[in-house]
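Q: Got a predicted model here, sequence first, then my questions.
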Amino acid sequence: MNARFTLLPGDGIGPEIVTQGRLVLDAVASRFDHTFTYDTQLIGGIAIDETGDPLPAATIASAKESHAIILGAVGGPRWDDPTAKTRPEVGLLGIRKELNLFANLRPVRTQPALLDASPLKRELIEGVDILFYRELTGGIYFGESTTSDDGKTVSDAMTYSEYEIERIVRMAAEAARSRRGKVTSVDKANVLAVSRLWRSTADRVMAEEFPDVEFETVLVDAMAMHLLSRAKDFDVVVTGNLFGDILTDEASMLPGSLGLLPSASLGSSGPGLYEPIHGSAPDIAGTGAANPLATILATAMALRHSLGLDDEAAAIEAAVETVLDNGLRTPDIARGGPAVSTSEMGAAVVAEV
Ligand code: IPM
Ligand code: MG
């Protein structure tokens, strides 16, 4: 098949890891006889530097015409000035909103070869396999922000409408049907009115439409604890934007490194956006120390979710597992042992594919 990708390398280690993702896609194209084309565009800090806008119109136009978007990371100390007119993160939030990518899928699976890379005890993490559905275009990230006249009181509103909750809960429940058949919804209904709407809506959708799927509700503070004490009990977890942001960073420590976790952001139609869940790591940018595996695994998610190429996606995932089984490690997972560079890791995956 012919597929068009928009590449958004962004800032920090973004360009290095997206390059490796692209090389892996090329390897898949040649092995499975596809034609993949790429259009590289600006986003984040580099887009501010070059155009003044963290999300230039050309980037949105290219993204809308693609089958899938591969993003590296945005942000860095260069653009951290709190008085600046705009910030790199505005580009990321903007493209999510612009393309209506309301569902952020973040799979957290421990890799057998890396059980000792986790700061947690082996018996707590062996066999962990959780798929987070984080709501991505609503909640406090997109609520009204106000500042009092004297500048001493600021508020960000956390807002959800019923339809936003329904559609993400449905997507999560459908995914659970082809997994272990369990959904956990996370909220803070003992305090927040918006969480009480979240809870009653989730309860109703699950009871009316998914009686075959096991369903439970957990408060977000308790969930933070359960992820460390009994992560194996969870299958699909669905939650709002802010709670999902925090819990998925916490959960990333189960497999041992943020450098291993991909994510997919999907709408009900149109291209999806695929990215590592880690940030731009400006401290190691350009040193060859970045782990490209999260981005490479994100390209696998792109093939599966946006192009329906399940075998190709599985080939990438198997290649990653093999290179890890063979002992290849970037510094983040080497635990002080011998490490390979970003491009050596990428080349090893290419060779396996
Ligand atoms: C993420 C990131 C972003 C978020 C930042 C960079 C705006 O932390 O994708 O989880 O908070 O959504
Ligand atoms: Mg985050």
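A: Perfect, thanks for sending it. Ligands and ions are numbered 1, 2, ... in the order given.
Q: which one's the longest helix in the chain?
A: For the chain, the helix reaching the highest residue count under DSSP state H is reported as helix 14-32.
Q: just how off-centre is it within its chain?
A: Going by CA atoms, centre = their mean, to the nearest Å, the spacing between the C-alpha centre of helix 14-32 and its chain's C-alpha centre is 18 Å.
Q: the inter-axis angle of the next helix-or-strand element following that helix versus helix 14-32?
A: Per DSSP states H and E, the first helix or strand lying C-terminal to helix 14-32 is strand 35-40. Using axes from the mean of the first three to the mean of the last three CA atoms, to 10 degrees, the inter-axis angle of strand 35-40 relative to helix 14-32 is 170 degrees.
Q: which strands and helices sit next to strand 35-40?
A: If contacts are counted by 3 or more CB pairs under 8 Å, 6 or more residues apart in numbering; DSSP states H and E, strand 35-40 sits against strand 2-10, helix 14-32. (C-beta placed from N, C-alpha, C; glycine too.)
Q: and ligand 1, which of the ones you listed is closest to it?
A: When these are ranked by distance to ligand 1, counting by CB to the nearest ligand atom, first place goes to strand 2-10 at 10.1 Å.
Q: could you check the angle helix 14-32 makes with that closest one?
A: Orientation check (the same axes, to 10 degrees): strand 2-10 against helix 14-32 gives 160 degrees.
Q: Can you list the buried residues in strand 2-10?
A: By neighbour count on 16 or more other CB atoms under 10 Å, the buried set for strand 2-10 is 3-10.
Q: okay if I get those as CSV plus pLDDT and distance to ligand 1?
A: Supplementary listing: the buried residues of strand 2-10 in CSV, determined by pLDDT from 0 to 100; distance: CB to the nearest ligand atom, whole Å:
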residue, pLDDT, distance to ligand 1
Ala3, 98, 24
Arg4, 98, 24
Phe5, 98, 20
Thr6, 98, 18
Leu7, 98, 18
Leu8, 98, 13
Pro9, 98, 15
Gly10, 98, 10
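Q: ok, back up a step: dump the helices and strands packed on strand 35-40 to a markdown table, plus distance to Val213.
A: What follows is the helices and strands packed on strand 35-40, written out as a markdown table (distance: least, CB to CB, whole Å):
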| stretch | distance to Val213 |
| --- | --- |
| strand 2-10 | 32 |
| helix 14-32 | 33 |
